[in-house]
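A.B. asks: following is a predicted model, sequence given first.
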Amino acid sequence: MTEQEVACLKRAAAQFGVVTRAGALRFLSVDQLRSRLASKAWVRMFPSVYRVEGAPTSWRQSLEALSLWAGPKAALSHATAAAVHGLRGFGEGALEVTAPYAVRAPKGVVVHRALRLSRSDVSDRSGDPRVTSVPRTLADLAATTGLRELRDVIDHALRVKKTTLGALVERVEASKNKPGVKDLRLLLREFEGAGGPTESELEARVLDLIVSNGLPRPRTQRVVWSHRQVRRVDFCFEAQRVVIEADGYAFHASVDCFEDDRRRNNQLLLKGFRVLHWTWAALKERPEELLNELFALLA
């Protein structure tokens, strides 16, 4: 094997075993490339993109090949991007890409057309092919996913802090008349509580109510280890082993969140903590009742 052939294989190895025609011809002659394809030592994955001999197949390899075929201005998107970001309900398998130019989709690939992909539309994940950001991905899914599934994936993305409500609202404003944006706007209003507070605003209101009524300032974001997991509680009175959780709708909206909250409460109980749940509506409508419950536990 010549030095040029070794160099070509090294290039492919750095790209999960795939190489473009242009990349291969930097090291091989046209006849050498044709010979490898004719003998099926190399396999054509997409037009002008090949898997070299001996390279193991994987979905990650397919993503690399798709990205190389689509070009530097395109980005993996929709269900593919959701799987790359680890969003609930989306797994390996789908091959979707968004490009700012018209291209014919290879077999097994869905190509979406967008006039442009801005810098904020593309994720900064290092080590991955070019992929749409989480807010852009969710906006894209709004056009191709049912309302229930969309609500679930948004809830998951917010709960595990893949994105924020603010970033999604900005994405909606930028999307204008894009298909699905009405559904996305409707869901975001649900998650905001139809004009309700952000998570930070809710926690600020809780702290203000506690301190303004002469109670000691609780410790915030206290870490509790349980079942080898880190649990952060919003407010904690250490001496009395009392916890207050400020419950915003966006992080407690799904069945999974409901189950996780119950598990979390049980684990805190076993650790000797008593837990109060304060919501935005309760803070506005019955703050005296919340304070009386807190006084009773602290006493």
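C.D. replies: Happy to help now that I have it.
A.B. asks: now the strands for the stretch 51-200 of the chain?
C.D. replies: 75-76, 96-99, 110-113 (DSSP state E, counting those that start in this stretch).
A.B. asks: closest one to L28 among those strands?
C.D. replies: strand 96-99 (27.2 Å; CB to CB). The C-beta positions use only the backbone N, C-alpha and C, and glycine is treated the same way.
A.B. asks: please compute how far the closest one lies from its chain's middle.
C.D. replies: Centroid separation for strand 96-99 versus its chain: 18 Å, with CA atoms, centre = their mean, to the nearest Å.
A.B. asks: quick one: low-confidence parts of the stretch 51-200 of the chain?
C.D. replies: When residues are selected by pLDDT under 70, those of the stretch 51-200 of the chain lie in 190, 192-200.
A.B. asks: so where do the helices sit in it?
C.D. replies: Along the stretch 51-200 of the chain, the segments classed as helices by DSSP state H, counting those that start in this stretch run 59-70, 78-84, 134-141, 147-159, 165-175, 181-192, 199-212.
A.B. asks: so which bits of the first one are buried?
C.D. replies: If you call a residue buried by 16 or more other CB atoms under 10 Å, then helix 59-70 has these buried ones: 61-70.
A.B. asks: tell me which of the strands of the stretch 51-200 of the chain is the most buried.
C.D. replies: Comparing the strands of the stretch 51-200 of the chain on average neighbours per residue, with mean count of other CB atoms under 10 Å, the densest one is strand 75-76 at a mean of 26.
A.B. asks: which other helices and strands contact that strand?
C.D. replies: Contact here means 3 or more CB pairs under 8 Å, 6 or more residues apart in numbering; DSSP states H and E; on that basis strand 75-76 packs against helix 59-70, strand 96-99.
A.B. asks: the same query, at a cut-off of 10 Å, please.
C.D. replies: helix 59-70, helix 78-84, strand 96-99, helix 134-141 (3 or more CB pairs under 10 Å, 6 or more residues apart in numbering; DSSP states H and E).
A.B. asks: okay if I get the ones you listed as TSV plus distance to H277?
C.D. replies: What follows is the helices and strands packed on strand 75-76, written out as TSV (distance: least, CB to CB, whole Å):
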stretch	distance to H277
helix 59-70	41
helix 78-84	31
strand 96-99	40
helix 134-141	28
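A.B. asks: closest to W42 out of these?
C.D. replies: Smallest distance to W42 across the helices and strands packed on strand 75-76 (CB to CB): 12.1 Å, for helix 59-70.
A.B. asks: just the CA atoms of the closest one, as CSV, please.
C.D. replies: Extracted in CSV, the C-alpha atoms of helix 59-70 (Å, rounded to 0.1, in the frame of the first residue of the first chain):
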residue,chain,number,x,y,z
TRP,A,59,-25.9,5.4,12.3
ARG,A,60,-23.2,7.9,13.3
GLN,A,61,-21.3,6.9,10.1
SER,A,62,-24.5,7.6,8.1
LEU,A,63,-24.8,11.0,9.7
GLU,A,64,-21.2,11.8,8.7
ALA,A,65,-21.8,10.6,5.1
LEU,A,66,-25.1,12.6,4.9
SER,A,67,-23.4,15.7,6.2
LEU,A,68,-20.6,15.4,3.7
TRP,A,69,-23.0,14.8,0.8
ALA,A,70,-25.3,17.8,1.8
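A.B. asks: when you give positions from now on, start the count at 512
C.D. replies: With the count now opening at 512, the last piece we talked about shows up as helix 570-581.
A.B. asks: in a markdown table, list the strands of the stretch 562-711 of the chain along with distance to A715.
C.D. replies: Conversion of the strands of the stretch 562-711 of the chain to a markdown table gives the following (distance: least, CB to CB, whole Å):
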| stretch | distance to A715 |
| --- | --- |
| strand 586-587 | 37 |
| strand 607-610 | 39 |
| strand 621-624 | 40 |
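A.B. asks: relative to S540, which of those strands is closest?
C.D. replies: Judged by CB to CB, the one of the strands of the stretch 562-711 of the chain that comes nearest to S540 is strand 607-610, at 30.8 Å.
A.B. asks: sheet partners, orientation included, of the closest one?
C.D. replies: The partner list of strand 607-610 in its sheet, established with DSSP bridges, is strand 586-587 (antiparallel), strand 621-624 (parallel).
A.B. asks: give me the residues contacting that strand.
C.D. replies: 574, 577-578, 580-582, 584-594, 614, 616, 620-625, 628, 632-633, 640-643, 647-648, 651, 655 (CB atoms under 10 Å, 6 or more residues apart in numbering).
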